[in-house]
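# fold the stuff below for me.
(one chain, ligands or ions: 1)
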Amino acid sequence: MNDRTPVAPPALDVRDVTVRFAGLTALDGVSFTAAPGSLHALIGPNGAGKSTCFNVLSGLCRPDAGTVTLGDTELTRLAPHRIAALGVARTFQNIVTTQGTVADNLMLGRHAKSRAGYAASALRLPSAVREQRAHLARAREIAELTGLGHHFDSPVGLLSYGDRKRVELARALCLEPRVLLLDEPVAGMNAAERARTADVVRELRAELGLTIVLVEHDMGLVMRLADDVTVLDFGRTIAHGTPDEVRQDPEVLRAYLGTGTQEEEAA
Ligand SMILES: Nc1ncnc2c1ncn2[C@@H]1O[C@H](COP(=O)(O)OP(=O)(O)OP(=O)(O)O)[C@@H](O)[C@H]1O
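Numbering: from 1, shown residues only. Prediction:
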């Protein structure tokens, strides 16, 4: 296997994406670029279109207009498994694994990378056994990277909520993605678990050089981790910029706080 050869991650480019559900425009000409190796946050109030955007990026939803490209490859009309095979992995906001051990879950994630056929695996041919061992070793490394190393052989059902949610993150990393789509990675966690997960995201980004797109309601986390932020409201992009820029943007304050300016807010 040559899974760990560092390859410069490609940019993920979203151009003029529109998605309509019956009478509702969930995304209205949304554009942004997640630069190679950057962490790009997608934020906005409830119903702004963030999940719809992730569904477009991961192939679960076909846009009515617009394109998504990864480097030179257009993803827009590809099936989710083809997009995953091109190196775009996703975590889901509401999925928290409860079955099997951490190792079992991570090996499920490695399954897509397996080259040995079913017969070779069932017959335990030496090549299949070697491959299995290499996958297990890599799964253990990913568990270490995500702070789950000491839980590798533990049943997931016995872990804390924060650790279980990080199993989902580790499973996505087992695909050796070039782009990671993180959908509310700290939702439901307590303060200590949030801080731990923020450290993990920071570390794995430095270690693996991934391009990360993050949807998260925890603004403290977004502001600490993101290089760039795109703000959606009612399916439209209302601001782009660094965390400091969007934090002071009057449109963003209006969308989140229902006020026009910081001065009005302070008044
Ligand atoms: N399958 C669907 N059918 C009809 N409407 C939908 C569908 N999916 C999303 N919507 C609508 O599209 C809009 C955008 O929803 P979306 O879930 O993308 O927002 P969001 O920013 O992710 O919100 P939240 O922060 O609450 O998760 C909402 O008005 C939602 O009700």
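# give me the neighbour count for residue 101.
Look at residue 101: counted by other CB atoms under 10 Å, it has 18 neighbours. Every residue, glycine included, has its C-beta placed from N, CA and C.
# hey, what's it bridged with?
residue 155 (DSSP bridges).
# pretty sure it sits against residue 157.
No - in this structure residue 101 lies outside contact range of residue 157 using CB atoms under 8 Å: 9.5 Å.
# could you report the distance from residue 36 to residue 178?
9 Å (CB to CB, to the nearest Å).
# mind listing what's buried along stretch 193-201?
193-198, 200-201 (16 or more other CB atoms under 10 Å).
# looking at those, which are in helices?
Among the buried residues of stretch 193-201, the members found in helices (DSSP state H) are 193-198, 200-201.
# which of the residues you listed sits closest to the ligand?
residue 194 (17.2 Å; CB to the nearest ligand atom).
# what's near enough to touch the closest one?
162, 186, 218, 221 (CB atoms under 8 Å, 6 or more residues apart in numbering).
# so which of these belong to helices?
Using DSSP H, those in helices are 162, 221.
# most neighbours among the contacts of residue 194, please name it.
residue 186 (24 neighbours).
# and that one, how far is that from the ligand?
14 Å (CB to the nearest ligand atom, to the nearest Å).
# okay, now the unreliable bits of the stretch 151-267 of the chain?
The model of the stretch 151-267 of the chain has pLDDT under 70 over residues 257-267.
# mind checking the SS state of the nearest residue to residue 228 once chain neighbours are set aside?
In space, and not counting its chain neighbours, residue 228 is closest to residue 40: 4.9 Å by CB to CB, 6 or more residues apart in numbering. Here residue 40 takes the strand state, with states given by DSSP: H, G, I helix; E, B strand; the rest coil.
# could I get the contacting residues of residue 40?
Here residue 40 is in contact with 12, 32-34, 211-214, 226-230 (CB under 8 Å, 6+ apart).
# so which of those residues reach the ligand?
Filtering those for proximity to the ligand (criterion: CB under 6 Å from any ligand atom) leaves nothing.
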